[in-house]
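Asks: return atomic coordinates for the entry below.
(2 chains)
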Protein chains: 2
Amino acid sequence: MALDLSGKSPKQVRAAIASGEYSDQTSGLCTDYAQANLVILPKDWAFDFLLFTLRNPKPCPLIEVLDPGDPYTKVMADRADVRSDIPRYRVWENGEVVEEPTDIKKWWKDDLVSFFLGCSFGFEDALLRAGVPVRHQEIGVTVPMYETAMPNQKAGRLGGNLVVSMRPIPPELVERADKVTGELSGAHGAPVHKGDPAKIGIKDLNQPDFSGPVPVNQGEVPVFWACGVTPQSALMHAKPPFAITHMPGSMFIGDIKTEDVTLLNPSK
Amino acid sequence: MALDLSGKSPKQVRAAIASGEYSDQTSGLCTDYAQANLVILPKDWAFDFLLFTLRNPKPCPLIEVLDPGDPYTKVMADRADVRSDIPRYRVWENGEVVEEPTDIKKWWKDDLVSFFLGCSFGFEDALLRAGVPVRHQEIGVTVPMYETAMPNQKAGRLGGNLVVSMRPIPPELVERADKVTGELSGAHGAPVHKGDPAKIGIKDLNQPDFSGPVPVNQGEVPVFWACGVTPQSALMHAKPPFAITHMPGSMFIGDIKTEDVTLLNPSK
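Replies: Model (predicted):
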């Protein structure tokens, strides 16, 4: 029987996660609170990654970075333990997933640096509140994501192309979608492109590179936003000897509300 | 005979510096253009330093970071050479100055990371343009700087206290000074304190920790701003085995105008 976490505080949900009672997706939990993508790297790679987030702020909205070896959050939450407070992790060696554990205590080392990056959950709530429909939520699938031909700003060993998410928007609501997402701190900013997918190197909207497609209705404009999968994609191309990330969809749930997030690298 | 560089472009001035023709202070040169503090560290220390600038954006306005081993600027100027284009450097070993050369080619290594941090020259021009007097300029001395009792946000091995600069302001102009500096991108933001020096741990205004004092006239308010000496002070306390900085006053002169500077870590 599924554990009922509705109405629980972030701290209570993290306790259920840490104890192993809950190890599933976090979408829909603690909806007022910020959720974050997690990337953990050895210190030798942490400088390149931190510089990558500064040079590419739109796909990499940076909320918190922990000191090397420090597993405890200060900003996202008061002393949450990054080693146990996420439902499920992915452990990577040389660009390949080697395990998908529910805690990473046995993998922890004193040189590991943890990065928390903003996620698009709050961003989609803001669109819905502004009356902009979110197609993939309507049909209950993951947002379609595409690798573009737009190169990232390189940082050391990290480069690759921008990954974008796409949401089909009725033409009369495109400007509103632009404004709402452009104003939201802690997320990916305004769209990077509106309209013709070919202009940013996407050959076929029906063939996303990550997850499945969604229907684009007659007259709707495909609108593209910088996507938090970009840094993971850059990392997996660069193949660091060791990395840990969250399992897609199983995010870190913070104690701060979405609207109170301030970024270390706000985009211009 | 002193070389006359008045009216020369940043590129021309940097060429005179690189050739060894000019090795003096940069105050008053290329006044419309951004000048920057330089910190160069081995990659092993670069992560701590980058994180320090993100956690302490007011004293550490970050304009550009170069990849490990890369000596050429992209943002501050088009391919300026960080090894030769500054009039005079300081080479540090274990927290002690070991040489003050006019170029650092013999010290260069493939793991060195160069950081460019905003400096207060543009900031003081903005005050003057707004009709706010700048006492130390009037009397031709360096701005007085004090170590406060306000701890920096630690990052790895770097910590220490905030260093501030002080400018005495007539009471009716304090609000204007606050507004002008708060709005200027690329500098240190609004004052961190106005009034009683004891409140931030400064015992005696007549005994600055760096440079000499300036007179505070009857009725004037001492106003304190976060100072770019903070990161150097933090570094020199932490004593990295190797570091290079610019010689105080001998800054890097960029091709970008002061008002066009955008920071990697804008302060809130």
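
Asks: how about the residues of chain A near chain B?
Replies: A:43, A:46-47, A:50-51, A:54-55, A:62, A:65, A:67-68, A:113, A:154-156, A:262, A:264-266, A:268 (C-beta under 8 Å from any C-beta of the partner chain). For the C-beta atoms, the positions are set from N, CA and C on the backbone; glycine is no exception.

Asks: one more time with 7 Å
Replies: For chain A, the residues in contact with chain B (C-beta under 7 Å from any C-beta of the partner chain) are A:43, A:46-47, A:50-51, A:54, A:65, A:67-68, A:155-156, A:262, A:264-266, A:268.

Asks: now the buried members of those residues.
Replies: If you count burial by 16 or more other C-beta atoms under 10 Å in any protein chain shown, the buried members of the residues of chain A next to chain B come out as A:43, A:46-47, A:50-51, A:54, A:65, A:67-68, A:155-156, A:264-266.

Asks: for stretch A:186-204, measure first residue to last.
Replies: One end of stretch A:186-204 sits 30 Å from the other (C-alpha to C-alpha, to the nearest Å).

Asks: again with stretch A:202-212
Replies: With C-alpha to C-alpha as the measure, stretch A:202-212 spans 15 Å from end to end.

Asks: out of the residues of chain A next to chain B, which sit inside helices?
Replies: Those of these mapping onto helices are A:43, A:46-47, A:50-51, A:54, per DSSP state H.

Asks: report the two of those separated the most.
Replies: For those, the maximum inter-member distance is 17.0 Å, found between A:Lys43 and A:Leu54 (C-beta to C-beta).

Asks: from the residues of chain A next to chain B, pick the one nearest A:Glu172.
Replies: A:Lys268 (27.6 Å).

Asks: pLDDT score for the closest one?
Replies: We have a pLDDT of 64 for A:Lys268.

Asks: now A:Asp78: how far from chain B?
Replies: Counting by C-beta to the nearest C-beta, to the nearest Å, the gap from A:Asp78 to chain B is 16 Å.

Asks: what strand or helix carries that residue?
Replies: Counting by DSSP states H and E, no helix or strand carries A:Asp78.

Asks: turn the ones in helices among the residues of chain A next to chain B into a markdown table, including pLDDT.
Replies: As requested, these are exported to a markdown table (pLDDT from 0 to 100):
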| residue | pLDDT |
| --- | --- |
| A:Lys43 | 94 |
| A:Ala46 | 97 |
| A:Phe47 | 97 |
| A:Leu50 | 97 |
| A:Leu51 | 97 |
| A:Leu54 | 96 |
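
Asks: show me the shaky parts of the stretch 151-268 of chain A.
Replies: Per-residue confidence for the stretch 151-268 of chain A (pLDDT under 70) gives these ranges: A:185, A:268.

Asks: closest one of the ones in helices among the residues of chain A next to chain B to B:His193?
Replies: Closest to B:His193, out of all of those and judged by C-beta to C-beta, is A:Leu54, at 28.6 Å.

Asks: separation between the closest one and A:Leu263?
Replies: 11 Å (C-beta to C-beta, to the nearest Å).

Asks: again, but for A:Leu184
Replies: Look at A:Leu184 and A:Leu263: by C-beta to C-beta, they are 11 Å apart.

Asks: which residues of chain A fall in helices?
Replies: With DSSP H as the criterion, chain A has helices at A:10-18, A:43-55, A:121-129, A:135-138, A:174-183, A:229-238.

Asks: which of those sits closest to B:Ile17?
Replies: When the helices of chain A are compared by C-beta to C-beta, helix A:43-55 sits nearest B:Ile17, at 26.9 Å.

Asks: which parts of the stretch 151-268 of chain A are strands?
Replies: Remark: strands assigned in the stretch 151-268 of chain A by DSSP state E, counting those that start in this stretch are A:161-169, A:193-194, A:221-226, A:243-246, A:252-257.

Asks: could you tell me the angle between the longest one and strand A:221-226?
Replies: When you say that, I think you mean strand A:161-169. Orientation note: strand A:161-169 sits at an angle of 140 degrees relative to strand A:221-226 (axes from the mean of the first three to the mean of the last three C-alpha atoms, to 10 degrees).

Asks: which neighbours does strand A:161-169 have in its sheet, and in what orientation?
Replies: Partners of strand A:161-169 in the sheet, by DSSP bridges, are strand A:145-151 (antiparallel), strand A:221-226 (antiparallel).

Asks: find the nearest non-adjacent residue to the closest residue to chain B within the stretch 101-250 of chain A, please.
Replies: Using C-beta to the nearest C-beta, the closest approach of the stretch 101-250 of chain A to chain B is made by A:Gly156 at 5.4 Å. Computed as C-beta to C-beta, 6 or more residues apart in numbering or on different chains, the closest residue to A:Gly156 that is not its neighbour in sequence is A:Asp48, at 3.3 Å.

Asks: contacts only, for that neighbour.
Replies: Residues near A:Asp48 by C-beta atoms under 7 Å, 6 or more residues apart in numbering or on different chains: A:155-158.

Asks: and which of those is nearest B:Lys203?
Replies: A:Ala155 (43.4 Å).

Asks: that closest one and A:Thr245: what is the separation?
Replies: Taken as C-beta to C-beta, the span from A:Ala155 to A:Thr245 is 18 Å.
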